[in-house]
Each structure stands twice: as structure tokens, then as C-alpha cells.
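K.L.:
Quick one, what's the 3D model for this:
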Amino acid sequence: MGKDVIIACDFAGKKEALAFLDKFTEEKPFVKIGMELFYAEGPEIVREIKARGHKIFLDLKLHDIPNTVKKSMEVLSRLDVDMCNLHAAGTSAMMTAAIEGLTREDGTRPLLIAVTQLTSTSQERMTDEILIDKPIDEVVMSYARTARDAGLDGVVCSPLEAGKVHDTCGREFLTVTPGVRFADGDIGDQVRVTTPERAKEIGSDYIVVGRPITAAVDPVAAYRRCVKEFIG
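P.N.:
Below you'll find the model as predicted:
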């Protein structure tokens, strides 16, 4: 898979999600199904959206003891998603177990990426509340190296950090970046953000965009603008 815009379908339920996707009569956007929608509707919403022809990033951010994560990934591997994730803070043992669980009998598996630090996390919050006193860039790079060494395909990071991740872990190591807003848009609860065009320049492989598209007056036009700015 190459560069793409992933729409965060953070809806309360199936009705809202499918009504949103029905607006796209020409495109089949890559979509993210996160905790809100998955917890409301369960695995069936994944199957239904996949059957409509969409690629799916299942964003559940697993973080538990290695055996629990392994068993959970075995379940998720049967949903035929294209990408899923976990928290890098769960350590290399957890990430290695996740890959084992996610890999099917035929050797195939979805892309697996690790969350480094959420884009809502500032340096101050990381230091004062999580008690990590290293610079946030240094922490993200350390998590990225650990994920790469554990065999993962990439990380979730701020678009501001994508270029540094590639410098640290290689060009083929994927960067999936939320925290993307249009230049004339509201950043909401995000802290480490940039525009689609700037994310492209820095080196993001995939950008995850939610409210700037889903809350737009014309979501299809907003999606097309995002694709044009990020991919060209």
C-alpha cells in the first residue's frame, strides 16, 4: 500500500457510519474504525464496511499482557482488516506476541503498527502525568525503534515526527499520522498537528483525518481536498 488518506469514522453507531459512507458514490476511501464504533456495533460493522469495498484500519490500540494481546490478535486476524494497532508502551514482548497472534496459518497478516505518543499528549503532560522526563521526540524515536526491532510495520506518530522516524527506522517503516488539520481549520483537542500538505513534505505515509472531513458541510469535497493536498 502506498500513501493514502484514512478517514476516521468515529461515529456513535452503524446508522451514522453507513450514512456517511453512502455519500461517497465514486470513491471507496480507506477508513478507520475506532473504539467508539467498534464497541457500539462489534465485529459485524467491520465485516459490513469491508464488504462495501473499503480498506480498514482497525484502531483498537491493544495494550495488555503479551498472552492476552496474542489471543486478541488471533481474533482480529479473522476480520480481514488491512491494518491494526497496539501501544508501543506495552514493550517488545507484547509486540512480538501480537505479531504471532495476528499471523494466520497461511503466513499472511494485516499491517501492524504501534502507537508512540498520542497527538493529544504534550511535553508537559508526558513529563508531569506519565513521568517520562525525556524530550518527546526522543521518546517517540525510542518507541519506534523498539517496534521496528519487534517486527512491526510502522508506528502511529505525529506528522511532525514522521521524517525523524524514517531517518531512525528506515524509509520502508511506515508512519501513520493523525493530528492533521486544514490550514483554515480548528485543531480541536490535538496538540502536535500540521496540514495535509506539510505532512506530505515531512514524510507521512498515511494521514488519519476525522472531523475536518466527517464534520464538513460537504464531506466528499473535504476528502478530495485532503487527497489533493496530501497525494497531489
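
K.L.:
I would like the residues contacting the longest helix along the chain, please.
P.N.:
Counting residues, the longest helix found in the chain (DSSP state H) is helix 136-149. Here helix 136-149 makes contact (C-beta atoms under 8 Å, 6 or more residues apart in numbering) with 88-89, 91-92, 95, 113-114, 116-117, 121-123, 126, 132, 134, 154-155, 157-158, 161, 164-165, 168-170, 173, 192. Bear in mind the C-beta positions are built from the backbone N, C-alpha and C, glycine included.

K.L.:
Then stretch 97-114?
P.N.:
If you take C-beta under 8 Å, 6+ apart as the criterion, stretch 97-114 is touched by 1, 58, 62, 66-67, 69-74, 76-77, 81-88, 95, 143-144, 146-147, 150-156, 174, 176.

K.L.:
quick one: that stretch to chain centroid distance?
P.N.:
Offset of stretch 97-114 from its chain centre (C-alpha atoms, centre = their mean, to the nearest Å): 16 Å.

K.L.:
Also stretch 16-27?
P.N.:
Distance, centroid of stretch 16-27 to centroid of chain: 20 Å (C-alpha atoms, centre = their mean).

K.L.:
Now do the longest helix of the chain, average pLDDT.
P.N.:
Summarised as a single mean, pLDDT over helix 136-149 is 96.

K.L.:
Quick check: buried residues in it?
P.N.:
Under the neighbour-count criterion of 16 or more other C-beta atoms under 10 Å, helix 136-149 has I136, D137, V139, V140, M141, Y143, A144, R145, T146, A147, R148 buried.

K.L.:
now, the most widely separated pair of these?
P.N.:
I136 and R148 (18.6 Å; C-beta to C-beta).

K.L.:
pLDDT weak spots in the protein?
P.N.:
1-2, 185-192 (pLDDT under 70).

K.L.:
Repeat the analysis, applying 90 as the threshold.
P.N.:
1-2, 117-122, 158, 160, 179, 181, 183-194, 232 (pLDDT under 90).

K.L.:
Helices of the protein, start to end?
P.N.:
14-21, 35-41, 43-51, 66-76, 91-102, 123-128, 136-149, 162-169, 196-202, 211-214, 219-230.

K.L.:
other SSEs contacting the fourth one?
P.N.:
When contacts are defined as 3 or more C-beta pairs under 8 Å, 6 or more residues apart in numbering; DSSP states H and E, helix 66-76 sits against strand 56-62, strand 83-87, helix 91-102.
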